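S.K.: Predicted model and sequence follow; I will ask about them next.
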Amino acid sequence: MEQQEKKFRLNVTRRRFLTGAGLGIGSAALGTLLFKDQLFGAHDVQSLPLGIAQFAPKAKRIIYLFQNGAPSQLETFDYKPLLNKMHGEELPASIRMGQRLTGMTAYQEKFPLVGSTFEFSQHGQSGAWVSELFPHMASIVDELCFIRSMNTEAINHDPALTFFQTGAQQGNRPSMGAWVSYGLGSENSNMPSFTVLLSRGRGNGQGVYSKLWTNGFLDSIHQGVVFSSGEDPVLYLNNPPGHDRQSRRDMLDQLEQFNAESFETIGDPEINNRIQQYEMSYRMQSAVPELTDLTKESDATIKLYGPDCLVPGTYAANCLLARKLSESGVRFVQLYHQGWDTHGNLAGDMRMQAEDVDRASAGLIKDLKQRGLLDETLVIWGGEFGRTNYCQGKLDAQNYGRDHHPKCFTLWVAGGGIRPGTVYGETDEFGYNIVKDPVSVHDFHATLLHLMGIDHEQLTYRHLGRRYRLTDVAGNIVPGIIA
Amino acid sequence: MSKRLTFGLATLILIGIGFFVFSDQTTMGEATVPTTVDFNYHVRPILSDRCFKCHGPDANKREAGLRLDTEEGAFAVLKDNPSQHVVVPGDPLSSELYHRISTSDTSELMPPPSSKLSLTTTEIAIIKKWIEQGAGYKRHWSFIAPEKPSIPKVDRSLNPKNPIDHFVFAKMEEMGLSPNELADKERLLKRVCMDITGLPPSIEMQEWFLNDASENAYEKIVDELLSSRHYGEKMAIAWMDIARYADSHGYQDDGYRTMWPWRDWVIHAFNKNYAFSKFLTWQLAGDLLPHPSKEMLLATGFNRNHKITQEGGVIDEEYRIEYVTDRTNTFGKAFMAITLECAKCHDHKYDPVSQKDYYSMFAFFDRVPEKGLVGDIQLASPGDPPNMKISTQDVQHVLSFINKKEESDVTVMIMRDSADIRKTRVLKRGVYDQPTDTVNMNTPASILGFTSSYEQNRLGLAKWLLSPAHPLTARVYVNRIWNDFFGRGLVKTVGDFGMQGELPTHPELLDWLAVDFRESGWNIKRLIKLIVTSATYQQSETRSKKKQQTDPENKYYSYFPRIRLSAELQKDLILSAAGILNTEIGGPSVKPYQPKGVWESTTSGRGELARYVQDNGEKLYRRGLYHFIKRTAPPPSLLIMDASNRDQCEVTRLRTNTPLQALVLMNDPQYLEAARVLAQRTAASTGSIRDKINRSFRKLVCRLPSDNELNRLEAYYQREYKKYKGNKERTSALLSAGEYPQVSAPDPAEAAALMQINQMLINLDETTIK
């Protein structure tokens, strides 16, 4: 793997020099200018990537498989046989403890407990419980660390998603990907350091919003760039009809001459920065399609993710794309997969959702592992909150639904710096309250940044009178999940 | 480290940046200790940034009972050692403050190492000197009402044109700088056109100005631009950011809303040159004026432009509180540049605004008969109560500035108060279900007391803002206008005039402008004319090596800054130069070209904005400010160019330089089409190729090209022409850009080659600079 990475970097460097050589007259001077600009060009020093981890990182890159809509912990990884035993009985007030409810069930007369309709069994050396919905994930539990004691402050999708992604329910703060980009910069000068992949399952969808990958008050170089495996992998990337790469090159050469002349007479260093950005856009035009082309993957790889991975826009295709982006040095790859909002028809929807994500999620872990990348890549799988142990709407023999539940839910993490084959935290027998080792969203963020070698209290940005950070004023590292 | 070596040179350089950044996390001023230490300029920024968090205005988080934000606190005896004073004026060695910041004993050191904050040796020396010089305290500069200072004298040979220049040149002299010569006529013309109307000068206008040798030629241009109906459009853009205007509700399902008549009103108000006092009063309290007209009511839409949720299941009160919070924070930021939001959950850490103060302001906006959740997205109306219907008859009679073509009524959200609807309470930690003490409408005494002469409502609040004794309103507005024209405020932090904000570079000029603005009857056009007719504004943008070294940030305005056009104006310039801009004003927002899937890949699938249905025909060529803003998926071509996502009040935009911006300018069909139509029209016209290139250049770059430039372009043209001449297929592919009707040119290859020239010119750095 080390070798492979080295080779990739050499290629990148070589490509840079090759394009430099194509510039003709003055290209050597331009080369020095480019490097100099990275140091001194931008006027706002704060908005440059910090470029170095603050202490030895355990992970270099993050892939976040966000399960948007909130998959139920009770049908996935938090096995509660008591609920099956008490199926249909009222949720005891001693368990609920007056917890606030959403507007959808607050006026419900009864809160009948409901057991999972899916079977659970234990897997691997660790003996982690996984429901029958996820056979592929069950096969890799010894690589995973389940956090069963996640909890959040928000009770509805928009604020909960926003909280998970930006550390605040409201307020247009930078996304965690933007923070990581700001803190660590890019490993690949041809690619953005923060990318976003979107897909939708067949279950009840809740939408995503561009504020989830916003740079907020950070420089817009840290904004998440949406990628897809379709024809236009990045917005505006493709040259229009009638153009080819050579005519682009010719235009850029013209442009560079005019711009360099402006710099000579006016002396504004921003002009050189601009020349540099045009060159990078040109490099992206060749680097990105190479990377997003999934057709050249081996049969063995396709088998790992499942045949869906060749259908652009599917979750499976995005998982494969995420591996390729991450492998190329993209710091933060953020996926969103919609469809987990099971207020009703939980039995049917969960099955469809699981079918779409199980194999590819597990495939990603296996693929990273076989490429030797798992040790340095942190993978996260989970939603924005949990679901209630009682039924929303009518409980009948065939089906049931579950409302939002912020007090406990499960997600898993794997790879760079994570203690594999562990289950962390514990909920009560009703799957309603946390009884051991609660992990808040701020704690989670603090831990992720720690694994990336960043002290969450030091990664700050001063904006409108105060120092902001991803973890706001909270967050404790969770040593129990760290290897 | 061995692994890291493989990362190559770039990483090594980045490591260098890393160290640089870590040692320079603050924005403290000069690295030397001044001869005379000034509390406001030198000491408070250090105390505020490093000490106030625990020893400042927040009573609940105050450590050891010590506060350093007031004189009493600083001169007091120590709580646990009454024989020792915090600060003994004139005697740093007896002052506990100096001891604590300079000690080598880490158990006593302040700020404590655990805070991850520290003082530099220079900062410690400044505090020491301040104590030696008597430890004088002053009120924070921005909380003292401005007075009109006298205009400084400057050397006549520098040719100052108005009082602005006197202040600016005097400061330059102090810094050993001198102003640049005036910009050449063409560059100045483009600058002032883009600044006032946001539209580039036509070739005719360029000719006219170049040939007008009269002394007041420039002033004539300025007057003409200020009376153009496009002035209001240009001015509206910044105000729409402040007012967080959008065409959708925001949040999850993000349904449609029709607040565009409010935007039409803003354009109208600027065009009619409404006094800023009237502009402010109508927006804050038009509904509370005696016998409010429909126009006054429409203006109050300002306070309803915030996001509104339609997510089933949200808790009503949680969101209603969110809306009132948004209004309160917007009020603080937009009119006073105070970060009120910091006091929502606890007393402000840096500024003298308590949590009680916050909710006393909040109370002004808390009487609206509204709901937090507006029902089902499928049923939700574009305008939730309180609202107002605008009929065709209204438009014919009283609201003639509204561009309404459809027969049906348009619903806009407006403000209304129900006096006894609810009591406002302080919310513990800002949480909606933790109400504590009841508060009345009031303002922070530290800014300006709210006397009984003011009505206990938003109208009283507007009058309070406009009081001559108010220290902030006029200063904040003139600073923001200054920032729009110079790319940098006299106070750089245009959204924060508090203790953590930057100090003004030209405090006297700021105060002079503020008082002059108020005394002129809050006349906005007059303020702008004063700015653009100053010699400071008319300087060339050339920066000598010396200036680049001594004034790299252009703090002293010793040259004119090169500022990239905003996202909207970039589009306006290109479409206008190509002759395809639709100059219609106002009306419902439009949906021009947009890459496939931007809405579709993010939507929940509910509501009428689930899918993007692109407009056709003349709607494709409207000005940038009319782009439909769907908050959860704003237009990418604008967002990439640093436009606001309209999530909340923004008083200034970032200015960045990224590869995605290059891709937009090179590949957005909107710009390819502009290049194509201009090329086809030029090709179809008479004249030599050199003439044709010359004309395109003048349209897009707004000046005459040099011979050298023309030679180069002509050579480039010839190379491109050869490529296309033999390749019909490629030629017609290139010329297929956009939906605008094809203009037939005798030789399509000529049009294709000219299109390449145009595209290059569109991407030219100079073209994108104002």
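M.R.: Here it is on my side, so go on. All of these numbers come straight from a predicted model, not from anything done at the bench.

S.K.: pLDDT at residue B:62, what is it?
M.R.: On the pLDDT scale, residue B:62 is placed at 86.

S.K.: What residues does it make contact with?
M.R.: Neighbour list for residue B:62: B:54-56 [criterion: C-beta atoms under 8 Å, 6 or more residues apart in numbering or on different chains]. (Glycine included, C-beta is placed from N, CA and C.)

S.K.: and the helix or strand encompassing residue B:714, what does it pack onto?
M.R.: Following DSSP states H and E, one finds residue B:714 within helix B:707-725. When contacts are defined as 3 or more C-beta pairs under 8 Å, 6 or more residues apart in numbering or on different chains; DSSP states H and E, helix B:707-725 sits against helix A:245-266, helix B:689-701, helix B:728-734, helix B:748-763.

S.K.: And the pLDDT for residue 21?
M.R.: Since no chain was named, I'll use chain A. 29.

S.K.: my bad, the chain I had in mind was chain B
M.R.: Confidence score, pLDDT, at residue B:21: 29.

S.K.: If you check the stretch 151-300 of chain A against chain B, which residue is the closest one?
M.R.: Here the stretch 151-300 of chain A gets closest to chain B at one residue, residue A:242, 2.7 Å apart by C-beta to the nearest C-beta.

S.K.: still on that earlier bit, go through the contacts of residue B:62 and say which is closest to residue B:89.
M.R.: Nearest to residue B:89 among these is residue B:55, at 18.2 Å by C-beta to C-beta.

S.K.: quick one: contacts for the closest one?
M.R.: Contacts of residue B:55 (C-beta under 8 Å, 6+ apart): B:62-64, B:66-69, B:73.

S.K.: now do 6 Å
M.R.: By C-beta atoms under 6 Å, 6 or more residues apart in numbering or on different chains, residue B:55 lies in contact with B:66-68.

S.K.: could you dump these to TSV with distance to chain A, neighbour count and secondary structure?
M.R.: Supplementary listing: these in TSV, determined by distance: C-beta to the nearest C-beta, whole Å; neighbours: other C-beta atoms under 10 Å in any protein chain shown; DSSP: H, G, I helix; E, B strand; the rest coil:
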residue	distance to chain A	neighbour count	secondary structure
B:66	21	19	coil
B:67	18	21	coil
B:68	17	21	coil
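
S.K.: Take those and lay them out in CSV including pLDDT.
M.R.: What follows is those, written out as CSV (pLDDT from 0 to 100):
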residue, pLDDT
B:66, 88
B:67, 88
B:68, 88
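
S.K.: count of residues packed around residue 406?
M.R.: I'll assume chain A. Look at residue A:406: counted by other C-beta atoms under 10 Å in any protein chain shown, it has 23 neighbours.

S.K.: Actually, chain B is the one I wanted.
M.R.: 9.

S.K.: now the one 3 residues further on
M.R.: Residues within reach of residue B:409, counting by other C-beta under 10 Å, total 14.

S.K.: Grab the nearest non-local neighbour of residue B:319.
M.R.: Nearest residue to residue B:319 in three dimensions, chain neighbours excluded: residue B:372, at 3.2 Å (C-beta to C-beta, 6 or more residues apart in numbering or on different chains).

S.K.: In this structure that neighbour contacts residue B:316, no?
M.R.: Yes. At 4.1 Å, residue B:372 counts as touching residue B:316 under the criterion of C-beta atoms under 6 Å.

S.K.: what about stretch B:45-61, how long is it end to end?
M.R.: The straight-line separation of the ends of stretch B:45-61 (C-alpha to C-alpha, to the nearest Å) is 20 Å.

S.K.: buried sites along it?
M.R.: Buried residues in stretch B:45-61, counted by 16 or more other C-beta atoms under 10 Å in any protein chain shown: B:45-58.

S.K.: And for stretch A:138-146?
M.R.: Quick answer for stretch A:138-146 (16+ other C-beta under 10 Å): A:138-141, A:143-146.
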